[in-house]
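Colleague: Starting from these lines, generate the structure:
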Amino acid sequence: MRRGLVAVTAVAAVAVAGCDDGVRPGLVVRGTPPASPYGGPLHVPVKFLDEDGPRALRLASGAAGRALECDGEIFDGSGPDGWSEADGGDTPEEGLDLYFDMFEPEEPDHGYRAEREEADRVLYSFDVGGRTKVAVVVARDQRDRPGWGPETSAACDPAELPARVTDSLGWEVWQDADGGRVPVRRLSSSPGPEHCGWQSAHFLTLDGREYVRDPDAVLARDGLLRAPYRGDVRMPADARDTGYHRRGRHLWLTADREVAYVRTARGVEAWPGVRREVGCD
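Modeller: Next comes the predicted model:
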């Protein structure tokens with residue numbers, strides 16, 4: 001393990017560094033340094049694979065991916081993407097701010113610490129308990145990219161962030177039977193998108209299988225569901241409690257996993273699986 005656990009995180013730090021005009025408040029803070037900060041190179045050539053998964057993300061995220069200290073696998077990562085001549089910042093902090101403007105990542109947009117600084121690159125980390133969960137490397141004066149801007153970025157699973165952070169970002173993180181936070185890569189849920197007219201629906205994905213709560217039948221009308229949503233059913237005798245729960249919803253499954261049974265204080269709902277990948281224009 002590269003770093004010891006540190007009691008004070010970057011988010012909890014109170015001294016704000018680099019309050020440049022135009023940089024979002026609290027973007028960079030001064031936190032307690034880790035016992036052993038990232039010591040690898042800040043410039044690592046990236047490689048893009050025609051595939052998904054942790055290996056592809058690590059190769060695409062260069063030094064940022066190496067700087068992560070995830071409990072599980074890397075969740076997101078990307079390599080260099082150019083900015084125009086007018087975009088580059090005058091300081092590393094402005095380069096970090098540009099990362100959020102350009103990519104709008106579903107990651108914390110404040111509370112970063114400058115973990116490692118070199119003449120032409122700076123590694124910024126968002127730490128939880130002294131361990132890096134989001135990393136962004138900004139670089140200066142690259143080819144056709146004057147000024148400071150993002151070079152590589154990487155993030156651990158959102159479930160490794162504090163609940164107050166994921167709540168503010170809109171991530172719905174479930175818990176297991178022991179109260180542990182379940183990785184979003186394994187289990188996630190979200191409300192239906194308003195631009196599709198599906199805001200009354202709620203989606204749940206477990207191990208790649210997708211289920212839908214569809215009380216207004218907005219997806220059923222398009223034939224996207226394997227069966228109708230039912231808001232009040234008897235729990236099947238062969239259903240088993242997965243232990244996964246979130247805010248009063250408890251997930252039960254039968255062996256075939258064709259339907260997700262969600263127990264609430266009001267009863268049991270049957271969320272049907274989808275016929276194909278769901279999406280709208």
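
Colleague: isn't residue 135 right up against residue 67?
Modeller: Yes: in this structure residue 135 lies within contact range of residue 67 using CB atoms under 8 Å: 4.2 Å. Yep, even glycine has a C-beta here, placed from its N, CA and C like the rest.

Colleague: Give me the common contacts of those two.
Modeller: Jointly contacting residue 135 and residue 67 under the rule CB atoms under 8 Å, 6 or more residues apart in numbering are 115, 123, 125, 154.

Colleague: Any regions of the protein where pLDDT drops low?
Modeller: Along the chain, the model assigns pLDDT under 70 to residues 1-21, 82, 279, 281.

Colleague: at 50 instead, please
Modeller: Along the chain, segments meeting pLDDT under 50 span 1-20.

Colleague: Show me the domain layout of it.
Modeller: 15-160, 172-272 (automatic domain parsing).

Colleague: Figure out which of those is closest to residue 278.
Modeller: Closest to residue 278 of those, according to CB to CB: domain 172-272, at 5.7 Å.

Colleague: Pull up the distance across the closest one, start to finish.
Modeller: Using CA to CA, to the nearest Å, one end of domain 172-272 lies 19 Å from the other.

Colleague: dump the residue contacts of residue 244.
Modeller: Residue 244 touches 174, 175, 176, 177, 182, 187, 206, 250, 251, counting by CB under 8 Å, 6+ apart.

Colleague: what's the following helix or strand after whichever strand or helix holds residue 212?
Modeller: Assessed by DSSP states H and E, residue 212 sits inside strand 209-213. Using DSSP H and E, the helix or strand that directly follows strand 209-213 along the chain is strand 240-246.

Colleague: just how off-centre is that next one within its chain?
Modeller: Relative to its chain's centre, strand 240-246 lies at 22 Å (CA atoms, centre = their mean, to the nearest Å).

Colleague: swap in stretch 83-92?
Modeller: 26 Å.
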